[in-house]
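Engineer: how does the following fold in three dimensions:
(one chain, ligands or ions: 1)
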Amino acid sequence: MTYNIDEMKSLEAEFFDRSAHKRTVFGQIPYEADIRRATRFIPSSPDQEAIDPKMTNLLEGKFRDRLIDHVAHRFGGKVLDICCGPGWLALELGRHGQVVDAYDLSPKAIELAKRMLEENPYKDGFGSVTYHLEDVTSLDLGTETIDSISGWSAFHHLPDLTSFMDRVHQALKPGGIVATYDDLPVQRLSIWLGRFFRLLLPTCDRTYRQKISDSIRRILGITKENPEYFTPMEEVAAKDKSVFDFANHLYDEYDILYDVRFNAFACGPAMTIKGPDWFRYLMAQMIIGLDRALCRVGICKGILRIIIARKRGKDKR
Ligand SMILES: C[S@@+](CC[C@H](N)C(=O)[O-])C[C@H]1O[C@@H](n2cnc3c(N)ncnc32)[C@H](O)[C@@H]1O
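Structural biologist: Residues are numbered from 1 along each chain as shown. Next up is the predicted model:
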């Protein structure tokens with residue numbers, strides 16, 4: 001299948017415009033806009049997304065913090081944050097004293113990011129953040145001027161990753177950091193474990209009756225499996241196999257500082273468990289613990305991957 005890339009980018013922008021609208025329609029602050037000010041929102045219908053900062057921290061907090069520390073390796077460092085969405089990572093990097101330029105295609109996401117920046121109450125030691133409504137693949141990234149390039153759920157949305165990674169390498173100073181967080185394809189076992197825990201536990205997306213009926217329909221083949229890719233550009237980029245071999249772009253010219261896969265199946269159940277908080281967080285901790293254990297012994301593979309790499313060169317730290 002061939003794609004008209006410009007058309008797919010417009011569809012991508014529309015997709016994330018809708019997403020920014022949906023995430024703020026009741027006046028919520030989504031996690032994707034500001035992880036410190038995100039407002040808790042436990043949805044009552046399946047088309048709404050939960051915002052639960054404590055749960056998100058349990059699922060990915062320690063990995064996220066490590067990525068931020070590496071990207072902000074130099075106080076006052078110049079950072080490029082690609083596909084920034086509503087801007088949480090750029091904002092957080094600004095709070096770590098970085099001078100950040102952040103880019104996204106979605107007007108609504110950039111609008112929300114700018115509002116969050118204006119309202120930011122954490123000003124101590126703040127560097128600067130500039131949000132741009134622009135296609136990151138059409139930028140001139142320059143030569144050896146950038147200290148760090150970050151992308152959270154970003155690189156796997158880009159077509160022709162190989163040529164983009166060449167420009168990333170050229171743009172980074174020697175010793176500069178590239179830090180990525182991406183979703184990988186889900187294994188069948190992880191899909192089934194995720195479904196099992198969602199069926200077992202009370203969840204806010206469906207009643208037990210609906211879940212049992214959905215399971216029967218799936219087993220009988222009446223319901224089609226969900227597509228693996230959710231956004232237009234994820235679908236385009238997935239056809240370029242380089243996305244799955246991301247680390248191969250890095251091995252020759254970078255030192256890999258951190259490469260971790262986590263959360264094989266825990267995200268879905270954890271973000272939808274219903275009940276009093278003590279129950280939700282206890283169940284989530286048990287599922288996350290099991291997930292980590294199964295990943296550690298190699299039975300499951302995390303669907304989220306963070307890679308942090310340092311460009312080789314004279315200024316190697
Ligand atoms: C999954 S979202 C991640 C957003 C953000 N990094 C976060 O953590 O919430 C992917 C983002 O990539 C943006 N995007 C996709 N292709 C892009 C491109 N070529 N240039 C800039 N942004 C792009 C989309 O608009 C979307 O906001």
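Engineer: Phe244 is in contact with Asp183, isn't it?
Structural biologist: No: using C-beta atoms under 8 Å, Phe244 is not in contact with Asp183, being 11.0 Å away. Heads up, the C-betas are built off the backbone N, CA and C, glycines and all.
Engineer: what does stretch 36-47 contact?
Structural biologist: Contacting residues not belonging to stretch 36-47 are listed as 22, 26-31, 48-53, 56, 92, 116, 119, 121-122, 204-206, 274 [C-beta atoms under 8 Å, 6 or more residues apart in numbering].
Engineer: ok, now stretch 61-80?
Structural biologist: By C-beta under 8 Å, 6+ apart, stretch 61-80 touches 35, 89-90, 92-93, 96-103, 127, 141, 145-150, 152, 171, 177, 179, 181, 257-258, 260, 262, 304, 306, 308, 317.
Engineer: report the central residue of this structure.
Structural biologist: Residue closest to the average C-alpha location in the chain (C-alpha atoms, centre = their mean): Ser153, at 3.3 Å.
Engineer: how about low-confidence regions in the stretch 51-200 of the chain?
Structural biologist: In the prediction, the stretch 51-200 of the chain carries no residues with pLDDT under 70.
Engineer: report the separation between the residue in it that the ligand sits nearest to and Lys114.
Structural biologist: Of all residues in the stretch 51-200 of the chain, the one sitting closest to the ligand is Gly85 (2.5 Å; C-beta to the nearest ligand atom). Distance from Gly85 to Lys114, counting by C-beta to C-beta, to the nearest Å: 13 Å.
Engineer: Phe244 and Asp183: who's more crowded?
Structural biologist: More neighbours surround Asp183 than the other of Phe244 and Asp183, with 17 against 13 (other C-beta atoms under 10 Å).
Engineer: how about that one: what's its closest non-neighbour residue?
Structural biologist: Leaving aside its chain neighbours, Asp183 sits nearest to Ile303 (5.8 Å; criterion: C-beta to C-beta, 6 or more residues apart in numbering).
Engineer: give me the phi and psi for that neighbour.
Structural biologist: phi -90, psi -10 (degrees, to the nearest 10).
Engineer: tell me how many other residues crowd it.
Structural biologist: If you count neighbours by other C-beta under 10 Å, Ile303 ends up with 22.
Engineer: what's the answer for Val186, then?
Structural biologist: 18.
Engineer: now Ala38
Structural biologist: Residues near Ala38, counting by other C-beta under 10 Å: 18.
Engineer: how close does it sit to the ligand?
Structural biologist: Noted for Ala38: a distance of 11 Å to the ligand, by C-beta to the nearest ligand atom, to the nearest Å.
Engineer: now do that residue against Ile82, distance only.
Structural biologist: The gap separating Ala38 from Ile82 is 22 Å, by C-beta to C-beta.
Engineer: do the same with Arg312
Structural biologist: 21 Å.
Engineer: follow-up on the earlier one: if you look at the contacts of stretch 61-80, which of them are in strands?
Structural biologist: 99-103, 146-150, 152, 177, 179, 181, 257-258, 260, 262, 304, 306, 308 (DSSP state E).
Engineer: any residues of this protein in contact with the ligand? List them.
Structural biologist: 9, 12-13, 16, 32, 83-85, 89, 103-106, 109, 135-137, 152-154, 157-158, 233 (C-beta under 6 Å from any ligand atom).
Engineer: let's go with 8 Å and repeat that
Structural biologist: For the chain, the residues in contact with the ligand (C-beta under 8 Å from any ligand atom) are 9, 12-13, 15-16, 19, 32, 81-89, 103-106, 109, 134-138, 151-154, 157-159, 181, 231, 233-234.
Engineer: can you turn the buried part of those into a ChimeraX selection?
Structural biologist: In ChimeraX, this line selects whichever of the residues of the chain next to the ligand come out buried by 16 or more other C-beta atoms under 10 Å:
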select :9,12,13,15,16,19,32,81,82,83,84,85,86,87,88,89,103,104,105,106,109,135,136,137,151,152,153,154,157,158,159,181,231,233,234
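Engineer: which parts of the stretch 1-150 of the chain are strands?
Structural biologist: With DSSP state E, counting those that start in this stretch, the ranges of strands along the stretch 1-150 of the chain come out as 78-81, 99-104, 128-133, 146-152.
Engineer: tell me which other helices or strands the last one touches.
Structural biologist: In this structure, strand 146-152 packs against helix 53-71, strand 78-81, helix 88-95, helix 161-171, strand 172-183, with contacts taken as 3 or more C-beta pairs under 8 Å, 6 or more residues apart in numbering; DSSP states H and E.
Engineer: what angle separates it from strand 99-104?
Structural biologist: Calculated by axes from the mean of the first three to the mean of the last three C-alpha atoms, to 10 degrees, strand 146-152 forms an angle of 40 degrees with strand 99-104.
Engineer: ok, and what's touching strand 146-152?
Structural biologist: 67, 70-74, 77-83, 85, 88-89, 93, 98, 168, 171-173, 176-182.
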